[in-house]
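Student: just coords:
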């Protein structure tokens, strides 16, 4: 097994990953769906209007409630962050990094954006709850 596979396995062991079919209910209950895909990938694959776009390189600073660079949604350690990438690999590492900051409810979408498409739930995420310009 490669070193990155070992790191990914350890990250996922700490997470309660969210199946794509459960994402709409999570958003409905107030979870913040965060799309960390780069702009080019979102343009090529498609967007998720209910998701807050925070690219991976600034995720920890935006979600940490103690950071001067935090976003308004980063109110405390109890926020439920649901991280989304293309296929669910980078999002696992990102969610584990959020947990390292004390954001214990951080997790990711198993299978990423492609799983949302396959599960047919994008229509249920059409309302931009956390849509940003």
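Tutor: Noted; the coordinates are in hand. Just so you know, these numbers come straight off a predicted model, no measurement behind them. Numbering: from 1, shown residues only.
Student: got any ranges where this protein has weak pLDDT?
Tutor: By pLDDT under 70, the weakly predicted segments of the chain are 127-133.
Student: if you set the cut-off to 80 instead, what comes out?
Tutor: 126-133 (pLDDT under 80).
Student: Report the secondary structure state of the most centrally placed residue in it.
Tutor: Among the residues of the chain, the one closest to the centroid is residue 83, at 0.8 Å (CA atoms, centre = their mean). When classified by DSSP: H, G, I helix; E, B strand; the rest coil, residue 83 comes out as strand.
Student: For beta bridges, what are the partners of it?
Tutor: With DSSP bridges applied, residue 83 shows beta-bridge pairing to residue 34, residue 108.
Student: Next, the contact list for it, please.
Tutor: 34, 36, 59, 91, 94, 95, 98, 106, 107, 108, 109 (CB atoms under 8 Å, 6 or more residues apart in numbering). To be clear about C-beta, it is placed using only N, CA and C from the backbone, and glycine gets the same treatment.
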